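*Asks:* Sequence first, predicted coordinates after that:
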Protein chains: 2
Amino acid sequence: MTNGANLNRARSQKSQVSILEIAQAAGVSPATVSRVFNRPALVREETRERVLAIVAEHGFRPNRLGSSLRSGNTRTLGLVLPTLSNPVFADCFEGAEARAAESGYSIMTTVTHYDPGLEAAAVHRLIDHRLEGLILTVANPNNSPILKTLKKRGMPYVLAYNESSSHPCAAVDNRRAAADMVTHLARLGHRQIAFLSGPLALSDRARSRLAGARQQGRALGLPPVSHLVTPSHTQPDRAALRRLMAASNRPSALFCSNDMLATAVIGELKALGLCVPADMSVAGFDGIRYGAYMSPSLASVEAQGYEIGRTACSLLLVQIDNGVSRSGQVPYRLIDGGSAAAKRS
Amino acid sequence: MTNGANLNRARSQKSQVSILEIAQAAGVSPATVSRVFNRPALVREETRERVLAIVAEHGFRPNRLGSSLRSGNTRTLGLVLPTLSNPVFADCFEGAEARAAESGYSIMTTVTHYDPGLEAAAVHRLIDHRLEGLILTVANPNNSPILKTLKKRGMPYVLAYNESSSHPCAAVDNRRAAADMVTHLARLGHRQIAFLSGPLALSDRARSRLAGARQQGRALGLPPVSHLVTPSHTQPDRAALRRLMAASNRPSALFCSNDMLATAVIGELKALGLCVPADMSVAGFDGIRYGAYMSPSLASVEAQGYEIGRTACSLLLVQIDNGVSRSGQVPYRLIDGGSAAAKRS
DNA sequence: TTGAAAGCGCTAACAT
DNA sequence: ATGTTAGCGCTTTCAA
């Protein structure tokens, strides 16, 4: 450990070219070198070129730490997501990162695995790096200690996927989207529809989608949409699923709160010897690309993660720049996949 | 913009509790407060508690920028991957992040979309943040300007997925794994095997896998394994695929360099009216979880991304600590999926 | 066990 | 158009 520290010091001494050495070599003041990087227009072209020549010669790059400490901006954003294993969040990362890079920002990412305890620790680890803002998906925006902390610290943030009227966010209209899916299932002749999800306390998206599904069920005069809670957000509870299938008023369509769950449900149903969609229609939510390659292809609601990430990042950058915090709604689209088909008697 | 800058200043003034204010409030020197955070054992318990009380009262967290600038360590690692849309890389992120968090490190991630031009720019954006080390997947480690830069700067790094004898890396043995898949296909009765991939120049994994496949083909006395190059690493070239299928010595098995490509190939074959595996066996590489849910399930080689990420991060942390750079091999496992079945005549 | 003082690399006022 | 100076928040000798 001591040894390691020594090595580190040795290493960093090598790269001890600071703005000062560049200034001396170019025969100018450090301030001028700084200007060359930050306000090149203020420097006479000749001087600028002389400085840049020296800079190139040394392979010099200004140390952001010094700059950040002095000027207060780190050009770094934080991204806090439940997981990247779910492609919809991976896409969100890509959208956010692409937008951030366009404005010269880098992104520090962390995942919470839907664990509110981890959420807090992870966010603190990020905040300590003095990020300029945060994009995050929380369990529940109405009761999130983290959001309170951020507000108190005056740290700009935008929610992604979470919908909220009291916080800036980038999301799809989950209620309406879920309602549309129910309408779709009803058109296919389904009346007994069950909604499957993980614990609602850990995902307000699941809650909104369930609410939208139930509301639309009522509006269409269907029997109440039942709700099956599985411990995990991505894996169905085998026993519960079996009970559901054995019930007398067994549903003819399962609407799953996300595509990973829907995919796993289809797998389980097959394992139970049932055929999708002949014995049971299944629909998901998110529109992950793999859904299209499955057979039958997955019926779902496409909520483009890339656009959510990109929008959230744009909103965040505006907020950092102006202090104006707005929300944005991202469009969705029903995917008419083969996993949800006309009901057979 | 000016307005925005003012707002920013107003915001940051609020959080102007520095170690100095804490020191004054606790009646100690700033050095002591610093010790409470970094070497608590050196501080008398009573003093420590007094300081911690004040710290808690103010919700104070030390500014890492100051600390990093002074001490030289940012507790931040960089991660450079081709894309996170491919679940195998998303898993890699999760493995690396989990390991990093265990040691108090945060991760800055960027994606290159297999574009060597982007690669360089992205890495420079990261380096400027004075990361302590980098985990990266490059197009070709033997001829990568970035790796040269890193070496020159003395920045610790570990390759993920890339195999190399001259750079530290965490990867599976791609040649052997591909050879094993060819053996598997041969056992199923296939003799004419084609290998599909994107441009080899952009992925040394594809190159190693092709080499392993060809070598094993020869060893088993099969006809030469042909190679079909598609412009994208994840999407097959429809026309080329059609030509391949129409050829007189048409292969009976397609070995794709990764699962995303394999998935898309299966989709295309279906679109051509062909049945997998009856008309054509298809195998992939990576072992993404969705493969198990497809029907037929995807034959593949599982190379756990999570483990690759985790291993790479462990190796990197050792390197940062000791200066000792080692490589690690991650095990793989053949997945006997239904998409590759016994050859029918 | 604690404090005083210097300075990490940079930029922003202010001065010229 | 450029230089001078001070200091961002912290840690690290060195001294007491």
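*Replies:* The structure has been received and is ready for your questions.
*Asks:* Could you show which parts of the stretch 1-150 of chain A are in contact with DNA strand D?
*Replies:* A:27-32, A:35, A:42-44, A:46-48, A:66, A:69-70 (Cβ under 7 Å from any atom of the strand). (Each C-beta comes from the backbone N, C-alpha and C, glycine too.)
*Asks:* Out of the residues you listed, the closest to B:T230 would be?
*Replies:* B:T230 has its nearest neighbour among these in A:R48, at 46.2 Å by Cβ to Cβ.
*Asks:* Would you check that that closest one makes contact with A:V33?
*Replies:* No - applying Cβ atoms under 8 Å as the test, A:R48 and A:V33 come out as separate, 9.9 Å apart.
*Asks:* ok, A:S325 - contacts?
*Replies:* By Cβ atoms under 8 Å, 6 or more residues apart in numbering or on different chains, the contact list for A:S325 reads A:P156, A:V158, A:P168, A:L315, A:V318, A:Q319.
*Asks:* Would you map the helices across the stretch 101-250 of chain A?
*Replies:* A:116-127, A:145-153, A:174-187, A:204-219, A:238-246 (DSSP state H, counting those that start in this stretch).
*Asks:* Show me which of the contacts of A:S325 is closest to DNA strand C.
*Replies:* Distance to DNA strand C across those (Cβ to the nearest atom of the strand) is lowest for A:P156, with 18.5 Å.
*Asks:* What pLDDT is listed against that closest one?
*Replies:* With respect to pLDDT, A:P156 scores 96.
*Asks:* got any ranges where the stretch 1-150 of chain A has weak pLDDT?
*Replies:* A:1-15 (pLDDT under 70).
*Asks:* Find the closest residue to DNA strand C in it.
*Replies:* Closest point on the stretch 1-150 of chain A to DNA strand C, by Cβ to the nearest atom of the strand, is A:G66, at 2.6 Å.
*Asks:* In contact with that residue, which residues?
*Replies:* Contact analysis of A:G66 by Cβ under 8 Å, 6+ apart lists A:I19, B:L69.
*Asks:* run the last query once more with 6 Å
*Replies:* B:L69 (Cβ atoms under 6 Å, 6 or more residues apart in numbering or on different chains).
*Asks:* which SSE is it in?
*Replies:* Assigned by DSSP states H and E, A:G66 belongs to helix A:64-71.
*Asks:* now swap in A:L269 and tell me
*Replies:* Here A:L269, judged by DSSP H and E, is contained in helix A:259-271.
*Asks:* What distance do you get for the residue of the stretch 1-150 of chain A closest to DNA strand C to B:L65?
*Replies:* 9 Å (Cβ to Cβ, to the nearest Å).
*Asks:* overlap in contacts of those two?
*Replies:* Common contacts of A:G66 and B:L65 (Cβ under 6 Å, 6+ apart): none found.
*Asks:* average pLDDT for the helix holding A:L269?
*Replies:* Averaged over helix A:259-271, pLDDT sits at 93.
*Asks:* what residues does that helix touch?
*Replies:* A:86, A:234-236, A:238, A:241, A:256, A:276, A:280, A:282, A:284, A:286, A:288, A:291, A:300, B:293.
*Asks:* do the same with stretch A:91-100
*Replies:* Residues outside stretch A:91-100 that contact it (Cβ under 6 Å, 6+ apart) are A:77, A:79, A:107, A:135, A:160, A:305-306, A:308-310, A:313-314, B:84.
*Asks:* near chain B, which residues of chain A show up?
*Replies:* Residues of chain A lying close to chain B (Cβ under 6 Å from any Cβ of the partner chain) are A:4, A:7, A:11-12, A:14, A:61, A:64-66, A:68-69, A:72, A:84-85, A:90, A:93-94, A:106, A:108-109, A:125, A:128-130, A:154, A:263, A:267, A:290, A:293-295, A:321-323.
*Asks:* For A:Q216, give me its contacts.
*Replies:* Counted by Cβ under 6 Å, 6+ apart, A:Q216 has contacts A:A179, A:V182.
*Asks:* separation between it and A:Q329?
*Replies:* In terms of Cβ to Cβ, A:Q216 sits 19 Å off from A:Q329.
*Asks:* From the contacts of stretch A:91-100, which land in strands?
*Replies:* Residues of those located in strands (DSSP state E): A:L77, A:L79, A:I107, A:I135, A:A160.
*Asks:* Drop anything exposed from the residues of chain A next to chain B.
*Replies:* Listed as buried from the residues of chain A next to chain B are A:7, A:11, A:64-66, A:68-69, A:84-85, A:90, A:93-94, A:106, A:108-109, A:125, A:128-130, A:263, A:267, A:290, A:293-295, A:321, A:323; burial here means 16 or more other Cβ atoms under 10 Å in any protein chain shown.
*Asks:* Dump the ones in strands among the contacts of stretch A:91-100 to JSON lines, plus neighbour count.
*Replies:* Output for those, formatted as JSON lines (neighbours: other Cβ atoms under 10 Å in any protein chain shown):
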{"residue": "A:L77", "neighbour count": "29"}
{"residue": "A:L79", "neighbour count": "28"}
{"residue": "A:I107", "neighbour count": "22"}
{"residue": "A:I135", "neighbour count": "31"}
{"residue": "A:A160", "neighbour count": "28"}
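*Asks:* for the residues you listed, which one is nearest chain B?
*Replies:* Nearest to chain B, judged by Cβ to the nearest Cβ, of the ones in strands among the contacts of stretch A:91-100 is A:I107 at 6.5 Å.
*Asks:* How much space separates whichever residue of the stretch 101-250 of chain A sits closest to chain B from A:P62?
*Replies:* Proximity to chain B, evaluated over the stretch 101-250 of chain A using Cβ to the nearest Cβ, is greatest for A:G154 at 4.5 Å. Computed as Cβ to Cβ, the A:G154 to A:P62 distance reads 27 Å.
*Asks:* swap in A:D173?
*Replies:* According to Cβ to Cβ, A:D173 and A:P62 sit 45 Å apart.
*Asks:* related to what we said a few turns ago, make a PyMOL selection of the buried ones in the contacts of helix A:259-271.
*Replies:* Command for PyMOL that selects the buried part of those, burial taken from 16+ other Cβ under 10 Å:
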select buried, (chain A and resi 86+234+235+236+241+256+276+280+282+284+286+288+291+300) or (chain B and resi 293)
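*Asks:* Now A:T311: closest residue in space that isn't a chain neighbour?
*Replies:* Leaving aside its sequence neighbours, A:T311 sits nearest to A:A170 (Cβ to Cβ, 6 or more residues apart in numbering or on different chains; 4.1 Å).
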